[in-house]
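Participant: this one's sequence-less:
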């Protein structure tokens, strides 16, 4: 699993935000692997994230940054 695969997924679904669980399910890989790569992309400002609360726990929603489109 690479950062490139996460970027490809987000590029092909530009108009929506996804959790790491949703991306992992779509790509058929582990959530932990996706989370590590999304955090790296976020630190390099390739993706944006925002906090969301669902069923009393926090999750992040990821989306490709505007300038990367």
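Facilitator: Done, it's in. Keep in mind it's a predicted model, so treat the numbers as computed, not measured. Numbers count the residues shown, from 1 in each chain.
Participant: looking at the protein, which helix or strand does the model trust least?
Facilitator: strand 57-64 (a mean of 80; mean pLDDT, DSSP states H and E).
Participant: Can you tell me the centre-most residue of the chain?
Facilitator: Nearest to the mean C-alpha position of the chain, counting by C-alpha atoms, centre = their mean, stands residue 62 at 4.1 Å.
Participant: Tell me what it is bridged to.
Facilitator: residue 18, residue 49 (DSSP bridges).
Participant: just for the chain, where's the confidence low?
Facilitator: 1, 55-57, 67-69 (pLDDT under 70).
Participant: so where do the strands sit in it?
Facilitator: Taking DSSP state E, the strands of the chain run over residues 47-54, 57-64.
Participant: what helices or strands is the lengthiest helix in the chain leaning on?
Facilitator: Ranked by number of residues, the top helix in the chain under DSSP state H is helix 31-43. Under the contact definition 3 or more C-beta pairs under 8 Å, 6 or more residues apart in numbering; DSSP states H and E, helix 31-43 sits against helix 3-12, helix 20-27, strand 47-54, strand 57-64. Every C-beta, even on glycine, is put in place using the N, C-alpha and C of the backbone.
Participant: contacts for the second one?
Facilitator: Yep, that's helix 20-27 we're talking about. Here helix 20-27 makes contact (C-beta atoms under 8 Å, 6 or more residues apart in numbering) with 1, 5-6, 9-10, 18, 30-31, 33-35, 38, 59-60, 62.
Participant: Pull out the buried residues from that helix.
Facilitator: Neighbour counts over helix 20-27 (16 or more other C-beta atoms under 10 Å) mark 20, 22-24 as buried.
Participant: just to revisit the earlier point, okay, angle between the longest helix of the chain and helix 3-12 too, please.
Facilitator: 80 degrees (axes from the mean of the first three to the mean of the last three C-alpha atoms, to 10 degrees).
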